[in-house]
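Undergrad: just the structure for this:
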Amino acid sequence: MGSLTNYQKSLIIGTILGDGYLRIIPGRKNAFLEVNHSISQKEYVDWKFEKLKHICNSGPKQRKGNGNRVAYRFYTKQHPELTEIYNTFYLNGKKIIPDSLKLDAIALVCGLWMMEVGVVIRIFILTLNNLARKIR
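TA: Sure thing, here's the model as predicted:
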């Protein structure tokens, strides 16, 4: 399966700082990553898959979510390096931001984090822009 590059590790860290998550199935040794977004984020999910496809068994798939939501997701294979990341970012099964966070590609991680939570950031910026217009 091969090692993960620093770029891929940064992509994974940026993903789990957002909506992505790592899991270890009880009784299994290693973690895997799930990337799961709305179908409206299909291009973004496809881009992530292209960067991680060597550790995946199959490509992204569409599925029906809660209510009318249509999701688009993929999973990686279980991988020892994902387990190392899991052990850094999860405590008792809960996601944390570790004190020791050292990033090789902080720009990529921050960019991915902004993509993950970008809707909130865009709303905040639009709100500030509208407020600035009203003040003028």
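Undergrad: all contacts plus neighbour counts: C-alpha atoms, from now on.
TA: Will do.
Undergrad: can you give me the strands in the chain?
TA: Secondary structure of the chain, counting by DSSP state E: strands at 21-23, 32-38, 61-64, 70-75, 90-91, 94-95.
Undergrad: let me have those strands in a markdown table, extended by distance to residue 15, mean neighbour count and mean pLDDT.
TA: Supplementary listing: the strands of the chain in a markdown table, determined by distance: least, Cα to Cα, whole Å; neighbours: other Cα atoms under 10 Å; pLDDT from 0 to 100:
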| stretch | distance to residue 15 | mean neighbour count | mean pLDDT |
| --- | --- | --- | --- |
| strand 21-23 | 7 | 21 | 95 |
| strand 32-38 | 8 | 20 | 95 |
| strand 61-64 | 18 | 14 | 94 |
| strand 70-75 | 13 | 20 | 95 |
| strand 90-91 | 14 | 14 | 93 |
| strand 94-95 | 12 | 12 | 90 |
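Undergrad: nearest to residue 53, out of the ones you listed?
TA: Of all the strands of the chain, strand 70-75 sits nearest to residue 53, with 9.6 Å by Cα to Cα.
Undergrad: between that closest one and strand 32-38, how many degrees?
TA: For strand 70-75 and strand 32-38, the angle between their directions (axes from the mean of the first three to the mean of the last three Cα atoms, to 10 degrees) works out to 160 degrees.
Undergrad: what comes into contact with strand 70-75?
TA: The list of residues contacting strand 70-75 from outside it, by Cα atoms under 8 Å, 6 or more residues apart in numbering, reads 32-39, 41-42, 45, 49, 56-65.
Undergrad: now do the end-to-end distance for stretch 19-33.
TA: Here the two ends of stretch 19-33 are set 11 Å apart, with distance taken as Cα to Cα, to the nearest Å.
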